[in-house]
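Engineer: quick one, fold the following:
(one chain, ligands or ions: 2)
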Amino acid sequence: MLKSGPNHWGSLAKFFHWTLVALILVQGAIGLIMVDLPKRPSVIPVYSFHKSLGLTILALAVLRLAWRLFDARPHDPPAMPRWQALGARAGHALLYLLIFLVPLSGWWYDSVAALRPLYWFGLIHVPPLGGPDPSIPDLKHIAADRHQLLFWVLIAVAAGHALMALIHHFHNRDGVLKRMLPFTRI
Ligand code: HEM
Ligand code: HEM
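Structural biologist: Numbering: from 1, shown residues only. Ligands and ions are numbered 1, 2, ... in the order given. Model prediction:
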């Protein structure tokens, strides 16, 4: 079923969740490897790929949030204390925010660095988010630091979130993880 129900996540919500998890992990690995490569012209395609994949992640995040506005989330398990439900909600809201802020900060960095025009997989021209500011000569480094910091905040929050999912599964045994797994109906 495409839509979520009171006790399960729909296939579209699951598709967005796990596709974004996989792409964010691949993208993070490419980013970390790429910044350590020797600065030669041969690294340009790697940077271009990272930027295009990052913009794809941003587009998927927009689609995911748009779908979420039409799709109700399943009920919390009845035994779940209120503070835990509120904590989970806050964690999810933070994750939603970060899947926007990480790619936006990368796009911003690319714009203020102003090295080359940005193309999505060489096909679509993507306009810059602002440009270099002569009154802030360090802006390029500030933007790169923000992008890096936001990425690690996302990884830390996502690790806590994954740990909570595993605690639900192995300790509380309440089906919260199972209802988000692909190809599973509970
Ligand atoms: C969810 C999406 C993204 C993730 C997870 C991600 C992750 C990363 C990571 C981990 C690094 C290495 C940071 C470091 O250790 O210095 C990096 C660098 C970089 N990212 Fe992204 N990125 C994303 C999206 C984007 C986008 C959309 C763009 C541009 C349109 C972009 C442009 C860059 C650039 C140019 C660098 C190199 C920065 C430098 O030279 O210091 N990223 N990214
Ligand atoms: C980059 C990594 C991740 C991000 C950005 C992320 C993001 C999210 C968000 C935003 C939600 C809330 C969905 C909504 O209310 O619309 C969610 C739900 C969920 N996530 Fe993740 N997630 C990540 C990784 C993981 C991993 C690794 C696991 C499992 C080990 C996991 C398990 C779950 C489960 C079980 C739910 C449903 C919770 C419920 O039914 O209340 N997530 N995730």
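Engineer: let me know the pLDDT of the residue most central in space within the chain.
Structural biologist: In the chain, the C-alpha nearest the mean C-alpha coordinate belongs to Ile99, at 3.1 Å (C-alpha atoms, centre = their mean). Here, the pLDDT recorded for Ile99 equals 98.
Engineer: that one contacts Ile24, doesn't it?
Structural biologist: Yes. With contact defined as C-beta atoms under 8 Å, Ile99 and Ile24 form a contacting pair (7.2 Å). Bear in mind the C-beta positions are built from the backbone N, C-alpha and C, glycine included.
Engineer: next, show the common contact partners of these two.
Structural biologist: Residues touching both Ile99 and Ile24 (C-beta atoms under 8 Å, 6 or more residues apart in numbering): Ile57, Leu154.
Engineer: which residues does Pro6 contact?
Structural biologist: By C-beta under 8 Å, 6+ apart, the residues touching Pro6 are Pro74, His75.
Engineer: wasn't it part of a helix?
Structural biologist: No. If the criterion is DSSP: H, G, I helix; E, B strand; the rest coil, then Pro6 is coil and not within a helix.
Engineer: and it, what's its pLDDT?
Structural biologist: Per-residue confidence (pLDDT) for Pro6: 92.
Engineer: Met80 now?
Structural biologist: Reading off the model, Met80 has pLDDT 89.
Engineer: burial of it, as a residue count?
Structural biologist: Residues within reach of Met80, counting by other C-beta atoms under 10 Å, total 15.
Engineer: can the helix or strand where Leu53 lies be found next to ligand 1?
Structural biologist: Leu53 belongs to helix 44-70 when elements are defined using DSSP states H and E. Yes. Using C-beta under 6 Å from any ligand atom, we find that helix 44-70 touches ligand 1 at Tyr47, His50, Lys51, Gly54, Leu55, Ile57.
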